[in-house]
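Asks: can you look at this prediction? I've put the sequence above it.
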Amino acid sequence: MAGRLYAYSFFEDFVLLYPVYAVLFAETGLSAAEISSLFILWSLTGFVVEVPSGLLADVVSRRLLVVLAPLLAGAGFALWTFLPGYPAFAAGFVLWGVGGSVQSGALEALVYEELSRAGAAGSYARLTGRAEAVGITAVMAASGLAAPVLALGGYRALGVASIAATLVAAAIALSFPEQGRAAGGEPDEPEQGYAAVLRAGLAEVRGSPRVRSAVIMVAALSGFTTLDEYIPLLAGATVTAPAAVPLLVLLVSAGAAAGGWLAGRGTHRTGPALVVAAGCLAAGSLAARPAGLVLVAVAFGVFQWAMAAADAALQDRITDQARATVTSMSGLGVEVVAVTAYAGYGLGSLWAGPGPLFALAAVPYLLLGAALWRQR
């Protein structure tokens, strides 16, 4: 299972369009406002589809949804590649957003249940953390290859390569084990089945403080970490040579990958580790020097490690009947926190630069770490 999960994570994120799709949009003639509207549409799609897709994953085959997710993303990339223009870009983001939501909840539930059947549920955090690290590595590799491929074949070559990667990911997902669910199948009366699963998921979140706290922890940790989208701005504020920015961004990505690779170890120290990481983020951001990005990389490594621990704690506390549904509820929380973080950064940028804003972003991690430390 581990090797196939790592391979799936790699090819799902080995998308050569990642580092340049905003440039593609601009060169096609889209304004900054139109490009921003595409990002908003992408987030809104995930917000709307997140919980219904998790509910679906608790009723039908989870492997089927994990196979479908990269195919939907690939269809979106095909629209971008062969029909460039605002309508195709918008449709592509909708397909990509639906694919991400379809996978969210389904993949975690599938992996956890198969590990549980094998008596290895305790390795869930390590396995998924390393899968995230592999995905980050794939993004780094795709970013490195994008420039030469773009020079040789243009955006069409990047698009074809990206579509091919999603097809490989879907083929790998077909080999995932899934015992019992296909046989159990979909209920004879789907409407009653969906309603029953939804009630079970809501009951778990409402009735169990341990489940509720885990959902909140996953949402908060993962939601605030979406601020990594602004790492290039932080890096750019510390150097005068633009060519150095990608190297500093790569440094932070490497830190996050290392944190994912270490997932599952020492999770009883999550509280103190988050407190230290918050201090590293604040100090590194305010240093206003390239060397400060080393501390930022350490912070994001700890955040990645803590997210895997929080996800594992959530999976340990929920039942199989509504596992994907409850996981998707945490994913919905991630979207809410992420939108709040984006809006806060955008508003704060009117008065402060990237350094102070990232230092301010350390406060939620400090509070989360202190709460976990005290609880422990």
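Replies: Cool, got the structure.
Asks: pretty sure residue 315 contacts residue 323?
Replies: Yes - using C-beta atoms under 8 Å, residue 315 is in contact with residue 323, at 7.2 Å. C-betas here are computed from N, CA, C, even on glycine.
Asks: residues that sit against both of the two, list them.
Replies: Contact criterion C-beta atoms under 8 Å, 6 or more residues apart in numbering; residues shared by residue 315 and residue 323: 108, 109, 112.
Asks: next, name the residue at the spatial heart of the protein.
Replies: Centroid-nearest residue in the chain, with C-alpha atoms, centre = their mean: residue 222, separated by 7.6 Å.
Asks: so where does the residue nearest to that one when sequence neighbours are not counted fall, helix or strand?
Replies: Taking C-beta to C-beta, 6 or more residues apart in numbering, and ignoring the residues beside it in sequence, residue 222 has residue 334 as its nearest neighbour in space, at 4.5 Å. Per DSSP states H and E, residue 334 falls inside helix 323-348.
Asks: quick revisit: contacts only, for the residue nearest to the centre of the chain.
Replies: When contacts are counted by C-beta under 8 Å, 6+ apart, residue 222 touches 307, 310, 330, 334, 337, 338.
Asks: downstream of the helix holding residue 334, the next helix or strand is which one?
Replies: Next helix or strand after helix 323-348 toward the C-terminus (DSSP H and E): helix 354-375.
Asks: what comes up buried for that next one?
Replies: Using 16 or more other C-beta atoms under 10 Å as the test for burial, helix 354-375 gives 354-362, 364-366, 368-369, 372.
Asks: could you give the average pLDDT over that helix?
Replies: Mean per-residue pLDDT for helix 354-375: 88.
Asks: okay, the angle between that helix and helix 323-348?
Replies: Using axes from the mean of the first three to the mean of the last three C-alpha atoms, to 10 degrees, the direction of helix 354-375 lies 140 degrees away from that of helix 323-348.
Asks: what about the helices in the stretch 151-300 of the chain?
Replies: With DSSP state H, counting those that start in this stretch as the criterion, the stretch 151-300 of the chain has helices at 181-184, 190-207, 209-224, 231-236, 245-261, 270-286, 292-317.
Asks: ok, which of these comes nearest residue 16?
Replies: Among the helices of the stretch 151-300 of the chain, the nearest to residue 16 by C-beta to C-beta is helix 245-261 (15.2 Å).
Asks: for that closest one, packing partners?
Replies: Under the contact definition 3 or more C-beta pairs under 8 Å, 6 or more residues apart in numbering; DSSP states H and E, helix 245-261 sits against helix 124-173, helix 231-236, helix 292-317.
Asks: in the contacts of residue 222, find the pair that's most separated.
Replies: Based on C-beta to C-beta, the longest span within the contacts of residue 222 runs between 310 and 338 and measures 15.4 Å.
Asks: ok, for residue 290, nearest residue in space, not its chain neighbours?
Replies: residue 238 (5.1 Å).
Asks: tell me the pLDDT of that neighbour.
Replies: Looking at residue 238, its pLDDT stands at 83.
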